[in-house]
Each structure stands twice: as C-alpha cells, then as structure tokens.
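>>> no sequence on hand, only this structure:
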C-alpha cells in the first residue's frame, strides 16, 4: 500500500526540472559515448558493405540519408507528444522538450533534404523534383522553422507554449503524408523497403549497416535533445533571475 501511494510523488520528482538536470548530467556522457561507438561502427560497416548492383557506390549515401529522414519525422512526433503534454497534462518539461527539439529537427530535416538531393542527382538526373515525398519533407522543414519563429516571437511564456503546442499538433498531419506519400501517389521516390508488413526488401549485407547507423543517429539525437533541454531549463532560470532582479531594482527606485 505504501509503495502505491508514493508513485505519484516519484513521477512529480521526475518532472521536476532540478531532478531532470541531475539526470541529464549523468545521462549525457553515456549517451554521447554510445552514439560515437554506434556511428563509428555504422560508418565502417557502410563503407565496407558490398555495392548495390544497380546504384554502385552511390548507395552508400543511404546510410546517412535514411537515418536523417527517420529522425526528421521522429523528432516531430516527439514534439507532438510534448504538445499533448503541454495542453492536456501540463507537464512541467513538455514545453521545454518541444522547444528544445525544434532546432534539432530542423537541422536533421535540412540534412535529409541535402543528402537526398545528392543521392537523387545520379539516380534521377536532377537535384530536385516536386514529387509528393520531397515536397512533404520540405513542408516539414518549413514547419520546423515556423515553430521556432513562433516561440521566439512571443514574449509571454504561457502564450508561447500554448501556441507552439497547437501549431505542432495541427502540423502533425504531415507526418503520415510523408510516410505514405510513395504509396498514395505516383512518385520518383522509391517505396518503403525496411518497415514493411512482408519484411524488409533490402539484402542483409546492406540492411545491417543501415540499422546500426540508424540506431547511432537516434542515440545522437537523444543526446542532443537532452543537452538542449538542459540548456533551455538553465536559460529560463537565468531569465527568471533577471526578471526578479529587475523588479527589485524598480521597487528601490520607487
């Protein structure tokens, strides 16, 4: 009975920014080390993997492009969950998570677009086509930039958090469009070859390096996200201290 009664308190402790900062200080070195090992192993496996019989050595860009694209969508999905935390559960760290993730997601989306264009040039004969997959990913990039601009334009923290959460949830409709665009419309982009109901269509010699790289980039993302959340919490504390100091100075002048 006593264990059950203390569970809500434990969740409150986890949500406490001070407890999160202590947890982040312990997690970041381990996450960074794990990301470095996985990325190193993934790059080695990718450069030593056999060439594709159609694409040749061009296929090697897949090992960075595909993980970047996955993280671009996963990051926005994380932001959508954080937006629910802000609007529904009013979690203390939900808005911190959303605002910390947005610049990281924008960076990974930009990298996905650039590497996709580099891959598309020898395959399609052009750097860019306005097909469904590429266009929807470009829209995702613009959404990231819009959310970043919105959060910086509003001075009121409560209004900023609420507006960012609403816009994020509205924009989440683009994620399934990106995922299923190659199935709903006739596009140049190849269809899904990893996450399929009938199993991956990629040969294991190419799939394993891709899986290791994807895991490494995922751990790298969470490392960056935890670090960004820690920075955002500290920034808010500094701003709060400056506000209190300014109020005290005003009272003294009066």
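Yep, it's here. Everything numeric here is computed off the predicted structure, so don't read it as measured data. Numbering: from 1, shown residues only.

>>> what ranges do the helices span in the chain?
Using DSSP state H, the helices of the chain run over 2-15, 17-48, 62-84, 94-124, 132-153, 157-171, 174-184, 204-253.

>>> report the buried residues of the third one.
Same thing as helix 62-84. 62-76, 78-80, 82-84 (16 or more other Cβ atoms under 10 Å). Quick note: C-beta positions are derived from backbone N, CA and C, even for glycine.

>>> tell me what angle it forms with helix 157-171.
Going by axes from the mean of the first three to the mean of the last three Cα atoms, to 10 degrees, helix 62-84 is angled at 130 degrees with respect to helix 157-171.

>>> for helix 62-84, the distance to its chain's centre please.
4 Å (Cα atoms, centre = their mean, to the nearest Å).

>>> adjust the sequence numbering to begin at 856 for everything that follows.
New numbering, starting at 856: the last item is helix 917-939.

>>> mind listing what's buried along stretch 1006-1017?
Buried residues in stretch 1006-1017, counted by 16+ other Cβ under 10 Å: 1006, 1015-1017.

>>> least confident secondary structure element in the chain?
Lowest on mean pLDDT, DSSP states H and E among the helices and strands of the chain sits helix 857-870, with a mean of 44.

>>> what sits against residue 1020?
Neighbour list for residue 1020: 937-939, 941-942, 949-950, 953 [criterion: Cβ atoms under 8 Å, 6 or more residues apart in numbering].

>>> do residue 927 as well
960, 963-964, 967, 992, 995 are the contacts of residue 927 under Cβ under 8 Å, 6+ apart.

>>> related to what we said a few turns ago, could the buried residues of stretch 1006-1017 go into CSV alongside distance to residue 978 and pLDDT?
Converted to CSV, the buried residues of stretch 1006-1017 look like this (distance: Cβ to Cβ, whole Å; pLDDT from 0 to 100):
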residue, distance to residue 978, pLDDT
1006, 37, 90
1015, 42, 91
1016, 43, 94
1017, 44, 95
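
>>> for those residues, which one is nearest residue 1102?
residue 1015 (20.6 Å; Cβ to Cβ).

>>> can you verify my assumption that the closest one contacts residue 1006?
Yes. Contact criterion Cβ atoms under 8 Å: residue 1015 and residue 1006 qualify, at 5.3 Å.

>>> how many neighbours does residue 905 have?
Other residues near residue 905 come to 9 when the count uses other Cβ atoms under 10 Å.

>>> ok, residue 1068 next?
So residue 1068, with other Cβ under 10 Å, has 23 neighbours.

>>> in space, what's closest to the residue most central in space within the chain - neighbours in sequence excluded?
For the chain, the residue sitting closest to the mean C-alpha position, by Cα atoms, centre = their mean, is residue 930 at 2.4 Å. Once flanking residues are discounted, residue 930 sits nearest to residue 960: 3.5 Å by Cβ to Cβ, 6 or more residues apart in numbering.

>>> now the one you found: how far from residue 876?
23 Å (Cβ to Cβ, to the nearest Å).

>>> neighbour count: those two, which is higher?
Shown here are residue 960 and residue 876; by other Cβ under 10 Å, residue 960 has more neighbours (26 against 14).
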